[in-house]
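Colleague: What would the 3D arrangement of this be:
(one chain, ligands or ions: 1)
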Amino acid sequence: MTEAEQRSVAVRNPRTGAVDFHLPVASHAQVAEKAARLRKNQPAWAALPLQQRIGVMQRWLGEVAKRANDISAADAVDTGGCHTSYVQGFITMGNIGGWIEDAEAALEKAAYHGPSRAMPSVEVRTQFVPYPLVSVIGPWNAPMMLVLLDAIPALFAGCAVLIKPSEVTPRWVAPLFETVAQVPELAAVFEFVHGDGTTGKAMIEEADLVCFTGSVPTGRKIAVQCAERLIPCYLELGGKDPVIVTETADLERATTAVLRGAVHANGMVCFSVERIYVAEAIHDAFVKLLAEKAEKVRLNCDDPRAGHLHPFTFAPQAKIVAQQLAEAVDKGASVLTGGRVEEIGGGLYMRPTIVTGVDHTMALMRDETFGPILPVMPFASVEEAIALANDTEFGLTANVIAGSEEEALAIGERLNAGSVFMQDTFLTFAKNRTVGSNSFGVSGVGGGARTGPEAILRYVRRKALLTQHGEPADIQNDHHLGKPAGA
Ligand code: NAD
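Modeller: Take a look at the predicted model:
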């Protein structure tokens, strides 16, 4: 393909609104070429004893450490200056360092070596065989973190990995892969392609396993394509996450936690708080205090490192948010704070927007919003609150703030979500290296869990090796095979 034939995507800078980056869209042939190279190199990577792979990853960690600030800065240009962008290089170091410590023990824990319980003369051992080529396709929010969350354990497991960043947020890839290039053994099995959905489709055609983070509609298409090829896919999709604030809750705690949970990263987080259910008895006082705190939140338009809210990373998202708000207002909702998209220096911003008088007929309470919106709805009883919180097709996370931890736990146990945060919001990061969880509803599908040490098992096939130490069964006398236990 000549350079002139290469299709490209214009990438908008979220802070200036200007197109300042052009992305070449990799064709299927280009994806296939990279996939073939990765496949060729993967057996040698998988054949390395785990400790040697860990040694390679340790060297990569050293290279990432040297460039952590540059990597973070590139991610910040992509997102428009999200708070967490400025620490992404260091989060990546934590990700690699965590697997250096955890990979071996996690695999050992899942392995078995010993006699069969059903047939004691047979020795059983587990072998982990990595999927040769894993394709990882990412979204535009937390763009680097969400790709590496899957790519890094897959590399530790012995897979080759091909990643594609979102075409909206591709800048972080260049500095990161400069660090990969410093470690030749890793560069042989870890590559990226740029492109849009067509490139993503080609990556699925070439893969043995697909990890996808993004929207429900795209997830559905990917699930179908993977089903056609009979390959597994892990889909981490959207959310419409609720918080329940009970009558006994401490208002200071509740308003602080809810505000951050709803507007951190401008609300463009899959587990943002997007529905707020508050006990009738405290509703007005809660809203008043929440509004006071919301008014103090500042935009980061003058200086990305000062202020709290960055612009919309993806300009069309601002339209979706405005449409949902307008529809809610048409149906009778009231906007107490914020409420409009402000264009400042070419960036599209929105201040924390508290909305009351909402109900479940409104898209604002049903569909993913991905903006700094806080729709508050009163409830008369805890039963009603639980029913409202569970009235959703999603089930990523949920939150409960109550007067006591016991009260919160009793409610949390009844909510349909993969993780429930109690007495706070936004506790997702506390799961890392500790525990896995499975999403409910359309928020995610696929085997195993993405967090916790067992996440590495997603990238290997578990093979059982069975050796008969006794005499083989004789076809003339094989009744023992069907003999019930204890008979
Ligand atoms: P998106 O679905 O529009 O795109 C995600 C990626 O898929 C992009 O890289 C895109 O190029 C690619 N793609 C598009 N069509 C494709 C196809 N047919 N085949 C293969 N790849 C294709 O998502 P987005 O708007 O970038 O991301 C925001 C969404 O991601 C939100 O819904 C958010 O909730 C979700 N998300 C989920 C999690 C989670 O862990 N559950 C985390 C972050 C974001």
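Colleague: Could you use CA atoms for every contact and neighbour count after this?
Modeller: Noted.
Colleague: In the stretch 251-400 of the chain, what residue comes closest to the ligand?
Modeller: C270 (3.7 Å; C-alpha to the nearest ligand atom).
Colleague: pLDDT score for that residue?
Modeller: With respect to pLDDT, C270 scores 97.
Colleague: Is L364 in contact with A322, as I believe?
Modeller: No: using C-alpha atoms under 8 Å as the test, L364 is too far from A322 to be in contact (10.0 Å).
Colleague: Can you give me the neighbour number for L230?
Modeller: 12 (other C-alpha atoms under 10 Å).
Colleague: one step back: of L364 and A322, which one has the most company?
Modeller: Comparing L364 with A322 by neighbour count (other C-alpha under 10 Å), the higher total belongs to L364, at 25 against 17.
Colleague: Q127 against K463, yeah?
Modeller: Yes: counting by C-alpha under 8 Å, Q127 touches K463, with 5.0 Å between them.
Colleague: Neighbour count for those two, which is higher?
Modeller: Q127 (16 against 12).
Colleague: how about the helix of greatest length in the chain: buried residues?
Modeller: Counting residues, the longest helix in the chain under DSSP state H turns out to be helix 50-79. Neighbour-count burial for helix 50-79, counted by 16 or more other C-alpha atoms under 10 Å, picks out 50, 53-54, 56-61, 63-65, 67-79.
Colleague: looking at the chain, which helix or strand does the model trust least?
Modeller: The helix or strand of the chain with the poorest confidence is strand 444-445; it has a mean of 92 (mean pLDDT, DSSP states H and E).
Colleague: May I have the helix or strand that that strand is followed by as PDB, with CA atoms only?
Modeller: The C-terminal neighbour of strand 444-445 among helices and strands, as given by DSSP states H and E, is strand 460-468. C-alpha atoms of strand 460-468 as PDB (Å, rounded to 0.1, in the frame of the first residue of the first chain):
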ATOM      1  CA  VAL A 460      -3.900 -19.500  29.400                       C
ATOM      2  CA  ARG A 461      -5.500 -22.700  28.500                       C
ATOM      3  CA  ARG A 462      -5.400 -25.200  31.400                       C
ATOM      4  CA  LYS A 463      -4.200 -28.400  30.100                       C
ATOM      5  CA  ALA A 464      -4.300 -31.600  32.200                       C
ATOM      6  CA  LEU A 465      -1.500 -34.200  31.800                       C
ATOM      7  CA  LEU A 466      -2.600 -37.600  33.100                       C
ATOM      8  CA  THR A 467      -0.200 -40.500  33.600                       C
ATOM      9  CA  GLN A 468      -1.400 -44.000  34.500                       C
END
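Colleague: so how far is the ligand from the residue nearest in space to the middle of the chain?
Modeller: By C-alpha atoms, centre = their mean, the mean C-alpha position of the chain lies nearest to L146, the distance being 5.0 Å. Note on L146: its distance to the ligand, by C-alpha to the nearest ligand atom, to the nearest Å, is 7 Å.
Colleague: Contact partners for that residue?
Modeller: L146 sits next to 138-139, 213 when contact means C-alpha atoms under 8 Å, 6 or more residues apart in numbering.
Colleague: phi, psi of it?
Modeller: Dihedral pair for L146: phi -80, psi -20, per degrees, to the nearest 10.
Colleague: Domains of this protein: list them as residue ranges, please.
Modeller: When the chain is parsed with automatic domain parsing, its domains come out as 8-232+446-466, 241-430.
Colleague: What is the end-to-end distance of the first one?
Modeller: Distances were taken as C-alpha to C-alpha, to the nearest Å; on that basis the terminal residues of domain 8-232+446-466 are 52 Å apart.
Colleague: With stretch 400-420 instead?
Modeller: End-to-end for stretch 400-420, by C-alpha to C-alpha: 7 Å.
Colleague: Other residues contacting it?
Modeller: 243-250, 254, 386, 389-390, 394-399, 421-424, 428, 437-440.
Colleague: Among the residues you listed, which lie within helices?
Modeller: Using DSSP H, these in helices are 254, 386, 389.
Colleague: Can you add distance to P472 and give the domains of the chain back as CSV?
Modeller: Shown next, in CSV, are these (distance: least, C-alpha to C-alpha, whole Å):
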stretch, distance to P472
domain 8-232+446-466, 10
domain 241-430, 47
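Colleague: Nearest to I475 among those would be which one?
Modeller: domain 8-232+446-466 (16.6 Å; C-alpha to C-alpha).
Colleague: what's the spacing between A279 and V147?
Modeller: From A279 to V147 the distance is 39 Å (C-alpha to C-alpha).
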